[in-house]
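Trainee: Here is a sequence with its predicted model. Questions after.
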Number of protein chains: 2
Amino acid sequence: MRIGELADRAGTSTRAVRYYESQGLLRAARTANGYRDYTETDLRLVREIRSLLNIGFGLEETRPFVECLRAGNDSGDDCPASIAVYRRKLAELDACIERLQQIRQHVRRQLEHPAPYCDSSAPTLES
Amino acid sequence: MRIGELADRAGTSTRAVRYYESQGLLRAARTANGYRDYTETDLRLVREIRSLLNIGFGLEETRPFVECLRAGNDSGDDCPASIAVYRRKLAELDACIERLQQIRQHVRRQLEHPAPYCDSSAPTLES
DNA sequence: GCTTGCCTTGACGTCCACGTCAAGGTCTAG
DNA sequence: CTAGACCTTGACGTGGACGTCAAGGCAAGC
């Protein structure tokens, strides 16, 4: 299939697909007239990339999954390198969640502790 | 005080201070030779900005707090506009935390479900 | 032949909070 | 007088994942 169909079926843009290729994540055969020619496997790769990007992975972090898939595995998760990325991401997520929760607490305390309003005519809390 | 001292005491850079001014968050008097001249109040403003940026606010979101302080309030939180930003941020934080926790669950499930490793030589797939 | 719609490469624009460099003015110590 | 430590404005660079435009080639329908 050509790049337009690939992008459509993967739910992304042709620009994104070319970008992935420029980053070495994809390699496409070419037809006689120079058009990129993709297989169903390529579609799976792009979908894997999109899926990982959507949950906050960086593009580089998707590389192990893509190569794992291309190595013939049924799932991009089935390789040690992918597992390692998952582990790192899990730790990152934990740290991020904890930090956000601390900030949340901080913000909530500011909201709870009632302060005198400043601009003279201010009714109560607006919800 | 001059911009260097202000930046030092606020724990940031002169470049950042000039940037805040360019965004209309700060206004500085000038000495005879053209140097910016700051007061202790300006120091408080910059510290407020830094503090909010540190917990993930955008620069624009600090504006109500800065104006609240400059309006003569003891705390930047003491104005309705600031409270409104806090409320919005709280909602954002809740949404963000929830999303991250869902992803965390997803990643954890991938890690728990043991899969066959691939790193040998796998010939299958590849359509 | 002409239009339409796909494709190609290349290159600049986006967002945000600055970092960094350039080229110069100002003040102080020695 | 000079060095150096501060200050000024202006302008370009950063990172990440693309968006968007330019200029043109290729294929199919009318």
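Mentor: Done, it's in. Numbers count the residues shown, from 1 in each chain, chains lettered A, B, ... in the order given.
Trainee: excluding its backbone neighbours, what's nearest A:Cys79?
Mentor: Take A:Cys79 and drop its neighbours on the chain: the residue closest to it by Cβ to Cβ, 6 or more residues apart in numbering or on different chains is A:Cys68, 3.7 Å away. (Each C-beta comes from the backbone N, C-alpha and C, glycine too.)
Trainee: same for whichever strand or helix holds the one you found, what does it pack against?
Mentor: Assessed by DSSP states H and E, A:Cys68 sits inside helix A:63-70. Packed against helix A:63-70 by the contact rule (3 or more Cβ pairs under 8 Å, 6 or more residues apart in numbering or on different chains; DSSP states H and E) you find helix A:40-54, helix A:80-112.
Trainee: Would you format the ones you listed as a markdown table with mean neighbour count included?
Mentor: Formatted as a markdown table, these follow (neighbours: other Cβ atoms under 10 Å in any protein chain shown):
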| stretch | mean neighbour count |
| --- | --- |
| helix A:40-54 | 18 |
| helix A:80-112 | 15 |
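Trainee: TSV for the ones you listed, including distance to DNA strand D?
Mentor: As requested, these are exported to TSV (distance: least, Cβ to the nearest atom of the strand, whole Å):
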stretch	distance to DNA strand D
helix A:40-54	5
helix A:80-112	13
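Trainee: ranking the ones you listed by mean pLDDT, which is last?
Mentor: For the helices and strands packed on helix A:63-70, mean pLDDT drops lowest on helix A:80-112, to a mean of 87.
Trainee: Run a quick neighbour tally on A:Phe65.
Mentor: Per other Cβ atoms under 10 Å in any protein chain shown, the neighbour tally for A:Phe65 reads 26.
Trainee: In this model A:Ser82 seems to touch it, though I could be wrong.
Mentor: Yes. A:Phe65 lies in contact with A:Ser82 (Cβ atoms under 8 Å); the separation is 5.0 Å.
Trainee: which residues are common contacts for these two?
Mentor: Residues touching both A:Phe65 and A:Ser82 (Cβ atoms under 8 Å, 6 or more residues apart in numbering or on different chains): A:Gly76.
Trainee: Alright, calling it a day.
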